[in-house]
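# my questions concern the predicted model and sequence given below.
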Amino acid sequence: MKRMIRRQEVVDALKQVIFFEKKDNIVDLNMIDDIDIKGNDIKITIVFPKLDDPAVGIVYNSVVKTIKQELGDDVKIDVKPVSEADKGRGPLAGVKHIIAVNAGKGGVGKSTVAANLAVSLKKLGYRVGILDADIMGPSVPIMFNVEDGQPGVYEKEGKPVMLPLENYGIKILSLGFFVKPDQALMWRGSMINNAFNQLMKDSDWGNLDFLVIDMPPGTGDIQLTLAQSYPVRGVVTVTTPQKVATADVRRAAMMYRQDKLTIPLLGIVENMAYFSPEDCPDHKYYIFGQGATEELAKELEIPILGRVPIVEKVVESGDNGKPISLEGEGVIVDVFMEIAQNVVKRVEEL
């Protein structure tokens, strides 16, 4: 007569299997989602941070080997790896949509667009966070008047976890919080990536509808890390009307259309699109030209989400720690609201 395998025997055996990345066994790390025992057949579902990690295969083999050593070679074992995202777990489990705001080059107003997009999404009734990943020019703390702030920290499962700051109802984290204003930045790519991953993975973002990420310009390490390691819902690309700017945007946009980095391009925001004098609001002067953005949008087969005019108050409001979209009304407020509505529409369509 075959003996009955008890669940506790399986659990005790699994406690010998170590997930080396977190330096503990897979039971105490709460990685065991389900154990199903029918006679000599054991089915075990194990939750991993991501399924393309080499550790998945190592743990898989260790589980099979350990169970057979403890319970006998005649035991049949079926190990099913699943991801934290599939099970609604992990540090970003409460974040519905990650939106990256990117630009091919600096100086096109990317951070201004990211900040006002976040505020406009909040005004639409969504729960919003913003992460400033632009390590070379972290301006989000200034724009949200939290320049002197520091994230809170608490301990979870023996590991420190950051609490974002909050202002205007928006949760805020920035790489700039860890760099002194008068300090020259001399970080290698790996250091920047580690800091970025900490803000993403080791932070308590809670439940958010949108996490807006203000990316560094170009196609560097953080862009690759974000595309390869996180479930990005889409990319908003910012440009100015000049052909040289749209050429840089084209290169940055095509990065997300490589085979291994397929992330939807939600659309283009044309910043500094035109200038209208206060005394002649119906007159539009296209200081930096026209047409290049339309050509790029047509080539990439994506929409223009909105055109932001040149308005001095946009810069002033950001410098004063209050994005202009917080104002009740005005042409520029309406433009950013239109952009936010178009982003939501694109997210729903994809």
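Perfect, thanks for sending it.

# look at residue 166 and tell me its secondary structure.
The assignment at residue 166 comes out as strand when based on DSSP: H, G, I helix; E, B strand; the rest coil.

# give me the beta-bridge partners of the nearest residue to it once chain neighbours are set aside?
Excluding its sequence neighbours, the residue lying closest to residue 166 (Cβ to Cβ, 6 or more residues apart in numbering) is residue 172, at 6.6 Å. In short, each C-beta sits where N, CA and C put it, glycine included. Counting by DSSP bridges, residue 172 is bridged to residue 130, residue 165.

# pretty sure residue 172 contacts residue 141?
Yes - in this structure, residue 172 is within contact of residue 141 by Cβ atoms under 8 Å, at 7.3 Å.

# max-length helix in the chain?
Counting residues, the longest helix in the chain under DSSP state H turns out to be helix 331-349.

# now do the nearest residue to residue 327 once chain neighbours are set aside against residue 144, distance only.
Excluding its sequence neighbours, the residue lying closest to residue 327 (Cβ to Cβ, 6+ apart) is residue 333, at 5.4 Å. For residue 333, the distance to residue 144 (Cβ to Cβ, to the nearest Å) stands at 17 Å.

# can you pick out the residue with more neighbours from the two?
Neighbour count, other Cβ atoms under 10 Å: between residue 333 and residue 144, residue 144 has more, with 25 against 19.

# please tell me how far stretch 342-350 is from the chain's geometric centre.
17 Å (Cα atoms, centre = their mean, to the nearest Å).

# what does it contact?
Contact with stretch 342-350 is made by 97, 99, 117, 121, 124, 126, 233-234, 236, 264, 266-267, 303, 305-306, as judged by Cβ atoms under 8 Å, 6 or more residues apart in numbering.

# run through who's touching stretch 323-338.
By Cβ under 8 Å, 6+ apart, the list of residues contacting stretch 323-338 from outside reads 112-113, 115-120, 123-124, 143-144, 168, 276, 281, 305-309, 311, 313-314, 317-318.

# mind checking the longest strand of the chain?
Across the chain, the longest stretch assigned as strand under DSSP state E is strand 265-275.

# just give me the neighbour total for the nearest residue to residue 104 once chain neighbours are set aside.
In space, and not counting its chain neighbours, residue 104 is closest to residue 248: 2.9 Å by Cβ to Cβ, 6+ apart. Other residues near residue 248 number 20, with proximity taken as other Cβ under 10 Å.

# then residue 240?
So residue 240, with other Cβ under 10 Å, has 24 neighbours.

# again with residue 196
Residues within reach of residue 196, counting by other Cβ under 10 Å, total 23.

# quick one: it and residue 224 touch, right?
No - with contact defined as Cβ under 8 Å, residue 196 does not reach residue 224; the gap is 10.7 Å.

# what is the residue nearest in space to the middle of the chain paired to in the beta sheet?
Closest to where the C-alpha atoms of the chain average out (Cα atoms, centre = their mean) is residue 98, at 4.5 Å. Counting by DSSP bridges, residue 98 is bridged to residue 211, residue 232.

# filter the contacts of stretch 342-350 down to the buried ones.
With neighbours counted using 16 or more other Cβ atoms under 10 Å, the contacts of stretch 342-350 contain these buried positions: 97, 99, 117, 121, 126, 233-234, 236, 264, 266-267, 305-306.

# what's the neighbour count on residue 56?
Applying other Cβ under 10 Å, we find 18 residues neighbouring residue 56.
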